[in-house]
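Enquirer: Fold the following, please.
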Amino acid sequence: MRFQPYTEMLRRALSLEENTVLKHPLSLIRSVCNDIVMNFLAYLLKK
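Expert: Coordinates of the predicted model:
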């Protein structure tokens, strides 16, 4: 029961993301690339 709100939030986020993908595929790709770059930089800085 504790995880119910989280799964609900995830479900909403996913449906929202699907709508965003259909409307703005390029902005989504850009945000994903930004996430990858930021994670990579953080990984390098931790090293």
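
Enquirer: which residue is nearest the centroid of the chain?
Expert: Nearest residue to the geometric centre of the chain (CA atoms, centre = their mean): V32, 6.9 Å.

Enquirer: what's the spacing between it and Q4?
Expert: Distance, V32 to Q4, using CB to CB, to the nearest Å: 28 Å. All C-beta atoms are positioned from the backbone trio N, CA, C, and that covers glycine.

Enquirer: again with S31
Expert: As for S31, its distance to Q4 is 28 Å (criterion: CB to CB).

Enquirer: Among these two, which residue is more densely surrounded?
Expert: Neighbours were counted for S31 and for Q4 using other CB atoms under 10 Å; S31 has more, 12 against 8.

Enquirer: low-confidence ranges in this protein?
Expert: Low-confidence regions of the chain, defined by pLDDT under 70, span residues 1-3, 17-24.

Enquirer: can you rerun that using 80?
Expert: Within the chain, the set of residues satisfying pLDDT under 80 comprises 1-6, 9-10, 13-29, 47.

Enquirer: pull the longest helix from it.
Expert: helix 25-46 (DSSP state H).

Enquirer: Return the list of helices and strands in contact with that one.
Expert: helix 4-23 (3 or more CB pairs under 8 Å, 6 or more residues apart in numbering; DSSP states H and E).

Enquirer: quick one on the thing from earlier: what about dumping the CA coordinates of the longest helix of the chain to PDB?
Expert: Backbone C-alpha positions of helix 25-46 (Å, rounded to 0.1, in the frame of the first residue of the first chain) are rendered in PDB as follows:
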ATOM      1  CA  PRO A  25       9.600  14.500 -30.100                       C
ATOM      2  CA  LEU A  26      12.600  16.700 -30.600                       C
ATOM      3  CA  SER A  27      12.300  18.500 -27.200                       C
ATOM      4  CA  LEU A  28      12.100  15.100 -25.500                       C
ATOM      5  CA  ILE A  29      15.100  13.800 -27.300                       C
ATOM      6  CA  ARG A  30      17.000  17.000 -26.300                       C
ATOM      7  CA  SER A  31      16.000  16.600 -22.700                       C
ATOM      8  CA  VAL A  32      17.100  12.900 -22.700                       C
ATOM      9  CA  CYS A  33      20.500  13.900 -24.300                       C
ATOM     10  CA  ASN A  34      20.800  16.600 -21.600                       C
ATOM     11  CA  ASP A  35      20.200  14.000 -18.900                       C
ATOM     12  CA  ILE A  36      22.800  11.700 -20.300                       C
ATOM     13  CA  VAL A  37      25.400  14.400 -20.600                       C
ATOM     14  CA  MET A  38      24.700  15.700 -17.100                       C
ATOM     15  CA  ASN A  39      24.900  12.100 -15.700                       C
ATOM     16  CA  PHE A  40      28.200  11.500 -17.500                       C
ATOM     17  CA  LEU A  41      29.700  14.800 -16.300                       C
ATOM     18  CA  ALA A  42      28.600  14.000 -12.700                       C
ATOM     19  CA  TYR A  43      30.200  10.500 -13.100                       C
ATOM     20  CA  LEU A  44      33.400  12.000 -14.300                       C
ATOM     21  CA  LEU A  45      33.500  14.600 -11.500                       C
ATOM     22  CA  LYS A  46      32.900  11.800  -8.900                       C
END
